[in-house]
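Student: Predicted coordinates and the sequence they were generated for:
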Amino acid sequence: MTDNSTGSPGAAPGGQIPVSPDNPCPFLRGLVANGYVGGHDVPLTKIAETIDRASGEHGAGAMKVWMETYGVASIANGNPLKSMISGAVLDQLRGGPLDKLGAGSRILNVDAQVQEDEITRLASFGQDCKDPSGGTERGLTAKEIDTYMAANLKRAGDAARWYYPILMKGEWPVLLKIMGKGEGDARYLSVAEVKTLFVERRFPDRIVARLPKP
Ligand code: HEM
């Protein structure tokens, strides 16, 4: 069997905090690794506030992100009341209500090791996009992300549950909203930046600039 994974699950590149393999969310893994939120019990308000800042939204837009994030984080461990009192448990998300059990990208395996061939597969759904700061790079627009998510569901076959498409709307499309480059239909998610997020657990500088000092 060939090992096409990259890095060990908790391995922390220079100065980073190790992240539990039971945290399967690439965005939260980045926030934990860089010290923006803790890796275990995190108050829902802290998660909502941090993601709100990362989104760069203001006014009503920011309020919407805050409330949606709070809602998602409250159900993530299957006990909303407990999560509202003691926070979401970010190192116990694997196997929880939001875990699609392999019906997603499969870029992270169950041990949170990055599967390079799955990043290549992601890229195959995209095209060369015009980078607003010059040049072109491989990326996925909203439409291509929809096609990608549909393919992921299809690949999962009978294992896909009816509500997975609802969960998925809060993952790749939201990542596009936060980290995308360009505007309107041309807005795209850079494959290189997705790779950096999954493999190195690092955000692009323009996102780091929106976040408070860890
Ligand atoms: C801006 C906020 C967020 C973004 C952009 C985001 C993005 C993503 C993405 C792109 C995936 C990967 C899906 C795949 O591999 O196909 C994912 C998975 C996941 N996220 Fe997040 N996420 C966010 C917030 C959250 C929050 C607040 C929680 C819970 C506290 C959460 C829990 C999860 C879980 C459990 C998975 C694994 C789903 C699976 O593998 O089936 N995420 N997220």
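Tutor: Perfect, thanks for sending it.

Student: residue ranges of the strands in this structure, please?
Tutor: Listed in chain order, the strands of the chain (DSSP state E) span 5-6, 41-42, 88-89, 114-115, 127-130, 136-141, 188-190.

Student: Helices along this structure, start to end?
Tutor: With DSSP state H, the ranges of helices along the chain come out as 26-33, 44-55, 59-75, 80-86, 116-124, 142-156, 164-169, 172-179, 191-195, 205-208.

Student: Comparing those, which comes out most buried?
Tutor: A comparison of these by mean neighbour count, using mean count of other Cβ atoms under 10 Å, puts helix 26-33 on top with a mean of 22. For the C-beta atoms, the positions are set from N, CA and C on the backbone; glycine is no exception.

Student: mind saving the C-alpha coords of that one as CSV?
Tutor: Output in CSV follows, covering the C-alpha atoms of helix 26-33 (Å, rounded to 0.1, in the frame of the first residue of the first chain):
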residue,chain,number,x,y,z
PRO,A,26,-9.8,22.4,8.6
PHE,A,27,-10.9,25.8,9.6
LEU,A,28,-11.1,25.1,13.3
ARG,A,29,-7.8,23.1,13.1
GLY,A,30,-6.2,26.3,11.8
LEU,A,31,-7.7,28.4,14.6
VAL,A,32,-6.5,25.9,17.3
ALA,A,33,-3.0,25.4,15.8
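
Student: between it and helix 44-55, how big is the angle?
Tutor: Angle between the axes of helix 26-33 and helix 44-55 is 110 degrees (criterion: axes from the mean of the first three to the mean of the last three Cα atoms, to 10 degrees).

Student: In this structure residue 45 contacts residue 70, no?
Tutor: Yes: here residue 45 lies in contact with residue 70, judged by Cβ atoms under 8 Å, at a distance of 7.2 Å.
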